[in-house]
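1. could you look at this predicted model? Sequence included:
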Amino acid sequence: MKIVMICLGVLFIVAVLGMSLLGYKLYRHELNQEKRIKDLQAYVQRMEAGNDEDAGRFIKACVDAVGGGINLLVLGNSITKHGLNHEYWWNEIGMAASEASKDYYHRLVAALTEQYEDVNAYALNYSQWELNGHDRNQTFSIIDPFLCEQLDYIILQLGENIADSSTFQTDCEALLIHIRDKCPNTAIIMVGNFWGNKNMAEKIKKKVAEDYGISYVSLEDLWDKEEFQAGMGTIVFDGNGKQHVIKHSGVAIHPGDLGMQAIAEKIVDCLVGGE
């Protein structure tokens, strides 16, 4: 009987410790969730403040544009535009193009300029939408200053940074609905993922594009091919023309000049061929 009582006591202690540990984990989760929300709110506020001037100029140009030109907004992640980082990235362009004119956005604008009298374009890093998996709709205020009825095209280059795809389909749909509400006459083009290890996000994006009747630019034939990636040791230039060498593996797997060119050509084919 004494042994039974001891065993029951041990089980009780284990149960109490387990409940305490579970409670602590839930407490930590709530703290982390609250911190993420606060960090997002602070980020959105910084983005809104920093974007006001650029957005104002862009919207004015869209409104003032005359016939014969196009107004284009590109919403993407680091492949479209990455901010400066003194440790591994030195130019506010698409990572890891060797220079500004070689990233896919600038190549796209250059190619479209040959087709139209005037191209009014802007590229915005919207990776926070990807990263904020718990509530992506909170980030809409980042893009709202750039949305207007005069936009002809919006390109969505998003999806590579999706870690949790559980709400990704509904989030994609919500983003499209939000954009269409602000820009009812704008054609939307969704670009597929550059890396092949995000197949679930890729499948969801393709389905949403089909369901909502928007164009989809597949990058499947670029997946995991080293010739389309920058690679370690590649020389790139900052905005002042100074040379730097890619030594960061995360930067190295981004599209190099050849990959950027391929992405731009596929988007151009979609835009020009779809008219």
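-> Nice, I can see it.

2. in the helix or strand hosting I177, what counts as buried?
-> Using DSSP states H and E, I177 maps to helix 168-182. Judged by neighbour count using 16 or more other C-beta atoms under 10 Å, the buried positions of helix 168-182 are 168-169, 171-172, 175-176, 179, 182. All C-beta atoms are positioned from the backbone trio N, CA, C, and that covers glycine.

3. switch those residues over to TSV; also include distance to D103 and pLDDT.
-> Formatted as TSV, the entries for the buried residues of helix 168-182 read as follows, by distance: C-beta to C-beta, whole Å; pLDDT from 0 to 100:
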residue	distance to D103	pLDDT
F168	26	96
Q169	29	97
D171	26	97
C172	24	98
L175	23	98
L176	25	98
I179	23	98
K182	26	97
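
4. got a list of what the nearest residue to I70 once chain neighbours are set aside touches?
-> Leaving aside its sequence neighbours, I70 sits nearest to D152 (C-beta to C-beta, 6 or more residues apart in numbering; 4.4 Å). Shown in contact with D152 (C-beta atoms under 8 Å, 6 or more residues apart in numbering): 70-72, 186-187.

5. on the three-state scheme, A55 is what?
-> helix (DSSP: H, G, I helix; E, B strand; the rest coil).

6. helices or strands up against the helix holding I177?
-> helix 140-143, strand 187-191, helix 199-211 (3 or more C-beta pairs under 8 Å, 6 or more residues apart in numbering; DSSP states H and E).

7. in CSV, list these along with distance to G233.
-> As requested, those are arranged in CSV below (distance: least, C-beta to C-beta, whole Å):
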stretch, distance to G233
helix 140-143, 35
strand 187-191, 27
helix 199-211, 29
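
8. to K225, which of those lies closest?
-> The closest of the helices and strands packed on helix 168-182 to K225 is helix 199-211. By C-beta to C-beta, the value is 15.8 Å.

9. which residues sit against that closest one?
-> 159-160, 162, 165, 168-169, 172-173, 176, 190, 192-193, 215-216, 218, 220.

10. go ahead and flag the most central residue of the chain.
-> N77 (3.1 Å; C-alpha atoms, centre = their mean).

11. helices of the chain, start to end?
-> For the chain, applying DSSP state H gives helices covering 2-64, 104-115, 127-131, 140-143, 168-182, 199-211, 249-252, 257-273.

12. least reliable of those helices by average pLDDT, please.
-> Mean pLDDT is lowest for helix 2-64 among these, at a mean of 60.

13. related to what we said a few turns ago, spit out the contact partners of the residue nearest to the centre of the chain.
-> 125-127, 130, 157-158, 160-161.

14. quick one: which of those residues is most hemmed in?
-> Highest neighbour count within those: Q157, with 28 neighbours (other C-beta atoms under 10 Å).

15. and that residue, how far from G196?
-> 16 Å (C-beta to C-beta, to the nearest Å).

16. same check, this time on V66
-> Going from V66 to G196 by C-beta to C-beta gives 43 Å.

17. how many residues are close by Y104?
-> Y104 has 31 neighbours, counted by other C-beta under 10 Å.

18. 100 is where my numbering starts, stick with that
-> Right, with 100 as the first residue, what we last looked at is Y203.

19. that one contacts K365, correct?
-> No - applying C-beta atoms under 8 Å as the test, Y203 and K365 come out as separate, 9.0 Å apart.
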